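**Student:** below is the structure, and that's it, no one-letter string:
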């Protein structure tokens with residue numbers, strides 16, 4: 001940026017100076033109370049004007065500079081100092097009934113957007129329509145920060161990934177990643193790395209998944225610290241890759257670290273705590289420790305029902321996982337009961353053609369054909 005005397009602060013100071021100089025000569029014409037009032041006015045007036053000025057600068061950093069001195073990338077760097085759109089961090093939930101061995105869900109504490117609310121309630125198709133509409137509107141307007149558009153694309157990609165539409169998700173995530181790299185937003189870059197890792201894991205490209213998860217983990221430990229929900233999500237997701245590869249010791253260690261962070265931050269009554277319990281249960285089930293698996297799955301199920309409700313996809317995952325353990329134990333009627341409950345929820349929230357829905361339906365058909 002080139003220097004310019006006509007910055008907002010110089011204009012405000014010049015304005016105050018002119019007003020003060022114009023009125024100062026009248027002070028000597030006043031006596032007693034009127035004079036005192038006038039003096040106080042001259043003291044408070046510049047204070048109030050400057051206070052209002054700095055409030056605007058803090059809440060809208062872009063206004064520090066004339067438009068002629070700002071390019072689009074500069075505007076976006078400054079916008080990052082203010083409020084940003086909530087971004088969905090992919091969190092992997094181990095689910096033996098899912099084609100890839102796990103399902104992708106989102107982690108976001110302050111969901112104040114209609115599309116994000118639709119995602120949180122498991123209405124993924126509605127969320128996709130709303131995100132796409134939002135992107136179209138934002139791209140058609142002038143002066144919308146590119147970081148805002150990138151955040152919406154990131155959320156669209158996470159929703160597409162949740163529905164198993166991985167090719168579309170990869171394209172959208174890479175578009176968002178390009179923007180975040182350009183504007184130097186490390187935190188958002190880490191979210192995209194994490195979410196790309198989830199896509200690569202779900203399509204079976206485990207080395208790429210590990211690479212992207214580790215990139216996200218490295219950034220988050222550096223800028224957020226070890227005890228942060230996003231760091232826990234990275235550990236959780238990395239663990240799901242090792243679980244899919246059969247490295248259960250490494251998976252259990254990472255899942256346990258993730259659970260400890262979630263419990264420390266959120267306590268026992270939170271969806272991410274339920275996810276960590278679910279994933280540990282899956283490890284125990286894989287090892288054949290079915291009693292321990294049932295215990296953790298039941299805790300996860302009760303927590304999901306309490307926090308998210310009976311009709312949420314994560315509740316369905318907990319039900320189907322519990323069913324799979326009873327199936328392993330040969331308790332087929334109990335397994336069928338839980339699978340049927342899970343299918344009803346998945347058909348309602350994810351659709352009858354969703355891969356996870358179809359997978360549960362196939363398991364039910366096989367049990368019925370015994």
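**Tutor:** Yes, it's here. Being a predicted model, the structure only gives us computed values, none of them experimental. Numbering: from 1, shown residues only.

**Student:** now the element after the helix or strand hosting residue 249, going C-ward?
**Tutor:** Assigned by DSSP states H and E, residue 249 falls within helix 248-266. Toward the C-terminus, helix 248-266 is succeeded by helix 271-287 as the next helix or strand (DSSP H and E).

**Student:** just the buried residues of the helix or strand that comes right after that following helix, please?
**Tutor:** Next along the chain after helix 271-287, taking DSSP H and E as the criterion, comes helix 290-307. For helix 290-307, the neighbour count (16 or more other CB atoms under 10 Å) marks 290, 292-294, 296-297, 299-301, 303-305, 307 as buried. Heads up, the C-betas are built off the backbone N, CA and C, glycines and all.

**Student:** how distant is the helix holding residue 249 from the center of its chain?
**Tutor:** 19 Å (CA atoms, centre = their mean, to the nearest Å).

**Student:** now for it, which elements pack on it?
**Tutor:** Contacts defined by 3 or more CB pairs under 8 Å, 6 or more residues apart in numbering; DSSP states H and E place helix 248-266 against helix 229-244, helix 271-287.

**Student:** list the helices and strands the longest one packs on?
**Tutor:** Where contact means 3+ CB pairs under 8 Å, 6+ apart, helix 271-287 is packed against strand 89-94, strand 102-107, helix 229-244, helix 248-266, helix 290-307, helix 313-328.

**Student:** so for residue 338, which of these sits nearest?
**Tutor:** Within these, the stretch nearest residue 338 is helix 313-328; the backing value is 3.5 Å (CB to CB).

**Student:** elements contacting the closest one?
**Tutor:** Helix 313-328 packs on strand 89-94, strand 102-107, helix 271-287, helix 290-307, helix 332-349, helix 355-368, going by 3+ CB pairs under 8 Å, 6+ apart.

**Student:** make a markdown table out of the ones you listed and add distance to residue 150 and mean pLDDT.
**Tutor:** Formatted as a markdown table, the helices and strands packed on helix 313-328 follow (distance: least, CB to CB, whole Å; pLDDT from 0 to 100):
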| stretch | distance to residue 150 | mean pLDDT |
| --- | --- | --- |
| strand 89-94 | 15 | 53 |
| strand 102-107 | 16 | 49 |
| helix 271-287 | 24 | 90 |
| helix 290-307 | 30 | 93 |
| helix 332-349 | 27 | 93 |
| helix 355-368 | 28 | 89 |
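
**Student:** which of the ones you listed sits most buried?
**Tutor:** Comparing the helices and strands packed on helix 313-328 by mean neighbour count (mean count of other CB atoms under 10 Å), strand 89-94 ranks first with a mean of 27.

**Student:** any idea of the mean pLDDT for the one helix or strand residue 222 maps to?
**Tutor:** Assessed by DSSP H and E, residue 222 sits inside helix 206-223. In this model, helix 206-223 carries a mean pLDDT of 94.

**Student:** show residues contacting it.
**Tutor:** Contacts to helix 206-223, defined as CB atoms under 8 Å, 6 or more residues apart in numbering, come from residues 186-187, 189-191, 193-194, 196-198, 200-201, 228, 230-231, 234-235, 237-238, 241, 244-245.

**Student:** change it to 6 Å
**Tutor:** Here helix 206-223 makes contact (CB atoms under 6 Å, 6 or more residues apart in numbering) with 186, 190, 193-194, 196-197, 200-201, 230-231, 234, 237-238, 241.

**Student:** list the buried residues of that helix.
**Tutor:** Quick answer for helix 206-223 (16+ other CB under 10 Å): 208-210, 212-213, 215-217, 219-221.

**Student:** what is the burial count for the nearest residue to residue 301 once chain neighbours are set aside?
**Tutor:** Leaving aside its chain neighbours, residue 301 sits nearest to residue 318 (3.9 Å; criterion: CB to CB, 6 or more residues apart in numbering). Burial of residue 318, expressed as a neighbour count using other CB atoms under 10 Å, amounts to 30.

**Student:** for residue 249, same thing?
**Tutor:** 10.

**Student:** how about residue 267?
**Tutor:** Number of residues near residue 267 (other CB under 10 Å) recorded here: 9.

**Student:** what about this protein, any weak spots by pLDDT?
**Tutor:** Along the chain, the model assigns pLDDT under 70 to residues 1-32, 34-36, 38-40, 42-43, 45-46, 49-113.

**Student:** go again with 80.
**Tutor:** In the predicted model of the chain, residues 1-122, 370 satisfy pLDDT under 80.

**Student:** domain-wise, how is it divided?
**Tutor:** Annotated domains of the chain cover 8-63, 85-91+100-255, 267-370 [automatic domain parsing].

**Student:** how about residue 273: what's its closest non-neighbour residue?
**Tutor:** residue 262 (4.7 Å).

**Student:** surely that neighbour meets residue 232?
**Tutor:** Yes: with contact defined as CB atoms under 6 Å, residue 262 reaches residue 232; the gap is 5.4 Å.

**Student:** more neighbours: these two, which one.
**Tutor:** Applying other CB under 10 Å to residue 262 and residue 232 shows that residue 232 carries more neighbours, namely 30 against 25.

**Student:** can you tell me how far the more buried one is from residue 251?
**Tutor:** Residue 232 is 15 Å from residue 251, where distance means CB to CB, to the nearest Å.

**Student:** again, but for residue 200
**Tutor:** For residue 200, the distance to residue 251 - CB to CB - is 17 Å.

**Student:** what about the two, which has more around it?
**Tutor:** Neighbours per residue (other CB under 10 Å) separate residue 200 from residue 251, with residue 251 holding more: 25 against 20.
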